[in-house]
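1. Based on what follows, work out the 3D shape:
(one chain, ligands or ions: 2)
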Amino acid sequence: MLSFCDNCFNLNKDNNWIQYFMDVIESKDPYTQGHSHHVRAVTEVIYGSLPKHHQHNIDKTKLLLAALLHDIGKIKTPDHILNKDSSLSDDEWEIMKRHPKDGAEIIQNTVFGGLGDWILYHHERIDGKGYYGLKADAIPIESKIIAAADTFSALRTYRIYRPAKSLEETVKILHENSGSQLDEEIVRCFLALDKNTLENLHCNCRICRERRSALEKGTA
Ligand SMILES: [Fe+2]
Ligand SMILES: [Fe+2]
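-> Ligands and ions are numbered 1, 2, ... in the order given. Sure thing, here's the model as predicted:
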(Lines give C-alpha, C1' and ligand atoms only; values in the text may rest on other atoms or scores of the structure.)
(Ligands and ions follow the chains in the order given, each with its own letter.)
Protein backbone atom coordinates (compact mmCIF):
# COMPACT_ATOMS: atom_id res chain seq x y z
CA MET A 1 0.00 0.00 0.00
CA LEU A 2 1.22 3.49 -0.87
CA SER A 3 1.53 6.19 1.74
CA PHE A 4 0.63 9.88 1.69
CA CYS A 5 3.15 12.36 0.35
CA ASP A 6 2.95 16.06 -0.48
CA ASN A 7 2.77 15.38 -4.19
CA CYS A 8 -0.40 13.35 -3.76
CA PHE A 9 -2.16 16.51 -2.68
CA ASN A 10 -0.65 18.80 -5.29
CA LEU A 11 -3.40 19.26 -7.84
CA ASN A 12 -1.07 21.08 -10.24
CA LYS A 13 1.48 18.32 -10.47
CA ASP A 14 1.07 16.15 -13.56
CA ASN A 15 2.77 12.87 -12.88
CA ASN A 16 0.77 11.62 -9.91
CA TRP A 17 -2.17 9.46 -8.97
CA ILE A 18 -4.73 12.19 -9.43
CA GLN A 19 -3.62 12.76 -13.00
CA TYR A 20 -3.63 9.02 -13.55
CA PHE A 21 -7.21 8.72 -12.34
CA MET A 22 -8.29 11.74 -14.39
CA ASP A 23 -6.69 10.29 -17.54
CA VAL A 24 -8.51 7.01 -17.04
CA ILE A 25 -11.84 8.80 -16.57
CA GLU A 26 -11.31 11.05 -19.58
CA SER A 27 -10.43 8.20 -21.88
CA LYS A 28 -13.70 6.54 -20.92
CA ASP A 29 -16.02 9.50 -20.69
CA PRO A 30 -15.02 13.12 -21.43
CA TYR A 31 -18.19 14.35 -19.67
CA THR A 32 -17.27 12.70 -16.39
CA GLN A 33 -13.79 14.25 -16.51
CA GLY A 34 -15.15 17.76 -17.04
CA HIS A 35 -17.83 17.06 -14.45
CA SER A 36 -15.24 15.96 -11.87
CA HIS A 37 -13.32 19.21 -12.22
CA HIS A 38 -16.56 21.19 -12.11
CA VAL A 39 -17.73 19.45 -8.92
CA ARG A 40 -14.33 20.14 -7.36
CA ALA A 41 -14.59 23.86 -8.24
CA VAL A 42 -18.17 24.11 -6.92
CA THR A 43 -17.18 22.21 -3.76
CA GLU A 44 -14.44 24.76 -3.09
CA VAL A 45 -16.93 27.62 -3.42
CA ILE A 46 -19.44 25.87 -1.15
CA TYR A 47 -16.71 25.22 1.44
CA GLY A 48 -15.83 28.93 1.37
CA SER A 49 -19.47 29.85 2.00
CA LEU A 50 -19.79 27.74 5.17
CA PRO A 51 -19.54 29.16 8.70
CA LYS A 52 -16.08 28.99 10.27
CA HIS A 53 -17.05 26.27 12.77
CA HIS A 54 -17.79 23.91 9.87
CA GLN A 55 -14.65 24.90 7.98
CA HIS A 56 -12.49 24.16 11.03
CA ASN A 57 -13.83 20.60 11.17
CA ILE A 58 -13.22 19.87 7.49
CA ASP A 59 -9.87 19.06 5.86
CA LYS A 60 -10.25 21.25 2.77
CA THR A 61 -7.47 19.56 0.75
CA LYS A 62 -8.94 16.13 1.27
CA LEU A 63 -12.47 17.40 0.63
CA LEU A 64 -11.42 18.80 -2.78
CA LEU A 65 -9.67 15.54 -3.67
CA ALA A 66 -12.79 13.56 -2.79
CA ALA A 67 -14.84 15.96 -4.94
CA LEU A 68 -12.48 15.41 -7.86
CA LEU A 69 -12.59 11.63 -7.42
CA HIS A 70 -16.25 11.26 -6.44
CA ASP A 71 -17.29 9.52 -9.68
CA ILE A 72 -14.08 7.50 -10.14
CA GLY A 73 -16.21 4.33 -9.80
CA LYS A 74 -17.72 5.11 -13.22
CA ILE A 75 -14.53 3.61 -14.65
CA LYS A 76 -16.29 0.30 -14.05
CA THR A 77 -19.67 1.38 -15.49
CA PRO A 78 -20.20 -0.13 -18.96
CA ASP A 79 -19.78 2.43 -21.78
CA HIS A 80 -23.23 1.78 -23.26
CA ILE A 81 -24.80 2.84 -19.93
CA LEU A 82 -22.41 5.69 -19.17
CA ASN A 83 -22.81 7.26 -22.61
CA LYS A 84 -26.48 6.47 -23.20
CA ASP A 85 -28.23 9.55 -24.62
CA SER A 86 -31.70 8.65 -23.29
CA SER A 87 -33.22 7.53 -19.98
CA LEU A 88 -31.76 4.47 -18.30
CA SER A 89 -33.89 1.35 -17.75
CA ASP A 90 -34.36 0.08 -14.18
CA ASP A 91 -31.66 -2.56 -14.71
CA GLU A 92 -29.25 0.01 -16.13
CA TRP A 93 -29.91 2.29 -13.14
CA GLU A 94 -29.01 -0.53 -10.78
CA ILE A 95 -25.67 -0.87 -12.56
CA MET A 96 -25.11 2.91 -12.62
CA LYS A 97 -25.81 3.06 -8.86
CA ARG A 98 -22.81 0.82 -8.18
CA HIS A 99 -20.33 3.62 -8.93
CA PRO A 100 -19.99 5.07 -5.36
CA LYS A 101 -19.13 1.61 -3.99
CA ASP A 102 -16.86 0.84 -6.95
CA GLY A 103 -15.15 4.21 -6.42
CA ALA A 104 -14.52 3.55 -2.72
CA GLU A 105 -13.13 0.10 -3.58
CA ILE A 106 -10.88 1.40 -6.36
CA ILE A 107 -9.19 3.90 -4.04
CA GLN A 108 -9.13 1.83 -0.86
CA ASN A 109 -5.59 0.55 -1.40
CA THR A 110 -4.20 3.81 -2.69
CA VAL A 111 -3.13 7.00 -0.92
CA PHE A 112 -6.75 8.14 -1.24
CA GLY A 113 -8.19 5.28 0.80
CA GLY A 114 -9.14 7.67 3.63
CA LEU A 115 -11.59 9.44 1.32
CA GLY A 116 -13.56 6.24 0.70
CA ASP A 117 -16.59 6.98 2.88
CA TRP A 118 -17.05 10.47 1.45
CA ILE A 119 -17.11 8.99 -2.06
CA LEU A 120 -19.26 6.03 -1.00
CA TYR A 121 -21.96 8.33 0.37
CA HIS A 122 -22.04 11.09 -2.26
CA HIS A 123 -25.51 9.98 -3.46
CA GLU A 124 -27.09 9.85 0.01
CA ARG A 125 -30.08 12.08 0.72
CA ILE A 126 -31.06 13.88 3.93
CA ASP A 127 -34.43 12.04 3.94
CA GLY A 128 -32.74 8.63 3.75
CA LYS A 129 -33.91 7.92 0.18
CA GLY A 130 -30.40 7.82 -1.28
CA TYR A 131 -28.43 4.81 -2.51
CA TYR A 132 -27.66 3.32 0.93
CA GLY A 133 -30.42 4.82 3.04
CA LEU A 134 -28.24 6.92 5.36
CA LYS A 135 -30.12 9.88 6.87
CA ALA A 136 -29.17 13.43 7.83
CA ASP A 137 -26.52 13.34 10.59
CA ALA A 138 -25.32 9.86 9.59
CA ILE A 139 -24.05 11.28 6.30
CA PRO A 140 -20.54 12.79 6.48
CA ILE A 141 -20.64 16.56 5.95
CA GLU A 142 -18.02 16.14 3.21
CA SER A 143 -20.43 13.87 1.28
CA LYS A 144 -23.25 16.39 1.78
CA ILE A 145 -21.11 19.19 0.34
CA ILE A 146 -20.11 17.04 -2.65
CA ALA A 147 -23.77 16.05 -3.16
CA ALA A 148 -24.80 19.73 -3.34
CA ALA A 149 -21.94 20.50 -5.75
CA ASP A 150 -22.80 17.42 -7.81
CA THR A 151 -26.44 18.49 -8.15
CA PHE A 152 -25.49 22.06 -9.07
CA SER A 153 -23.03 20.73 -11.66
CA ALA A 154 -25.56 18.31 -13.19
CA LEU A 155 -28.17 21.05 -13.55
CA ARG A 156 -25.76 23.63 -15.01
CA THR A 157 -24.13 21.22 -17.49
CA TYR A 158 -25.19 20.69 -21.11
CA ARG A 159 -25.68 17.12 -22.17
CA ILE A 160 -26.00 15.85 -25.73
CA TYR A 161 -29.69 15.19 -25.12
CA ARG A 162 -30.65 18.32 -23.09
CA PRO A 163 -29.57 21.93 -22.48
CA ALA A 164 -28.17 23.22 -19.19
CA LYS A 165 -30.61 24.82 -16.75
CA SER A 166 -30.42 28.56 -16.27
CA LEU A 167 -28.99 29.83 -12.99
CA GLU A 168 -32.50 30.92 -11.90
CA GLU A 169 -33.94 27.44 -12.57
CA THR A 170 -30.97 25.84 -10.82
CA VAL A 171 -31.35 28.01 -7.71
CA LYS A 172 -35.08 27.22 -7.60
CA ILE A 173 -34.47 23.45 -7.86
CA LEU A 174 -31.77 23.51 -5.17
CA HIS A 175 -34.12 25.40 -2.82
CA GLU A 176 -36.93 22.93 -3.56
CA ASN A 177 -34.68 19.97 -2.74
CA SER A 178 -33.11 21.49 0.33
CA GLY A 179 -34.00 19.57 3.50
CA SER A 180 -35.15 16.47 1.56
CA GLN A 181 -32.36 15.60 -0.87
CA LEU A 182 -29.73 18.19 0.09
CA ASP A 183 -28.56 19.61 3.40
CA GLU A 184 -30.52 22.76 4.24
CA GLU A 185 -27.67 24.74 5.79
CA ILE A 186 -25.23 23.92 2.99
CA VAL A 187 -27.71 24.99 0.31
CA ARG A 188 -28.59 28.16 2.23
CA CYS A 189 -24.93 29.20 2.63
CA PHE A 190 -24.08 28.39 -0.99
CA LEU A 191 -27.06 30.21 -2.51
CA ALA A 192 -26.46 33.26 -0.30
CA LEU A 193 -23.37 33.97 -2.42
CA ASP A 194 -23.68 36.76 -4.97
CA LYS A 195 -25.21 35.98 -8.35
CA ASN A 196 -21.99 36.60 -10.31
CA THR A 197 -20.08 34.02 -8.30
CA LEU A 198 -22.77 31.41 -8.98
CA GLU A 199 -23.15 32.41 -12.64
CA ASN A 200 -19.41 32.07 -13.24
CA LEU A 201 -19.19 28.53 -11.86
CA HIS A 202 -19.09 27.05 -15.37
CA CYS A 203 -18.39 23.48 -16.36
CA ASN A 204 -15.46 23.36 -18.78
CA CYS A 205 -16.08 19.97 -20.34
CA ARG A 206 -15.94 19.90 -24.15
CA ILE A 207 -19.73 19.81 -24.60
CA CYS A 208 -20.31 22.81 -22.30
CA ARG A 209 -17.52 24.85 -23.90
CA GLU A 210 -18.89 24.19 -27.40
CA ARG A 211 -22.46 25.02 -26.40
CA ARG A 212 -21.46 28.25 -24.64
CA SER A 213 -19.38 29.36 -27.58
CA ALA A 214 -22.23 28.56 -30.01
CA LEU A 215 -24.66 30.54 -27.84
CA GLU A 216 -22.28 33.52 -27.75
CA LYS A 217 -21.93 33.41 -31.55
CA GLY A 218 -25.68 33.00 -31.96
CA THR A 219 -25.26 29.69 -33.81
CA ALA A 220 -26.80 27.43 -31.18
FE1 LIG B 1 -21.96 10.03 -8.69
FE1 LIG C 1 -21.11 13.26 -10.16
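
2. So which elements touch whichever helix in the chain runs longest?
-> Longest helix in the chain, counting residues (DSSP state H): helix 30-49. Applying 3 or more C-beta pairs under 8 Å, 6 or more residues apart in numbering; DSSP states H and E, one finds that helix 30-49 contacts helix 17-28, helix 60-69, helix 141-156, helix 184-191, helix 206-217. Bear in mind the C-beta positions are built from the backbone N, C-alpha and C, glycine included.

3. How about the longest one and ligand 2, any contact?
-> Yes - if you take C-beta under 5 Å from the ion as the test, helix 141-156 does meet ligand 2, through residue 150.

4. got the angle between that helix and helix 206-217?
-> Computed with axes from the mean of the first three to the mean of the last three C-alpha atoms, to 10 degrees, the direction of helix 141-156 lies at 40 degrees from that of helix 206-217.

5. Helix 141-156 vs helix 60-69, what angle?
-> Using the same axes, to 10 degrees: helix 141-156 against helix 60-69 is 40 degrees.

6. State the separation between helix 141-156 and the centre of the chain it belongs to.
-> 5 Å (C-alpha atoms, centre = their mean, to the nearest Å).

7. following that helix, which helix or strand comes up?
-> Proceeding N to C from helix 141-156, the next assigned helix or strand is helix 167-177, under DSSP states H and E.

8. Give the other helices and strands that the worst-scoring helix or strand of the chain on mean pLDDT contacts.
-> Ranked by mean pLDDT, DSSP states H and E, the helix or strand of the chain with the weakest confidence is helix 17-28, at a mean of 78. For helix 17-28, the packing partners by 3+ C-beta pairs under 8 Å, 6+ apart come out as helix 30-49, helix 60-69.

9. how far is the longest helix of the chain from where the chain is centred?
-> 6 Å.

10. Stretch 211-220 now?
-> Worked out by C-alpha atoms, centre = their mean, stretch 211-220 lies 26 Å from the chain centre.

11. Tell me the buried residues in that stretch?
-> Buried positions in stretch 211-220, judged by neighbour count with 16 or more other C-beta atoms under 10 Å: 211, 212.

12. which residues are contacting that stretch?
-> 158, 163, 164, 202 (C-beta atoms under 8 Å, 6 or more residues apart in numbering).

13. and the last one, how far is that from residue 145?
-> Residue 202 sits 19 Å away from residue 145, going by C-beta to C-beta, to the nearest Å.
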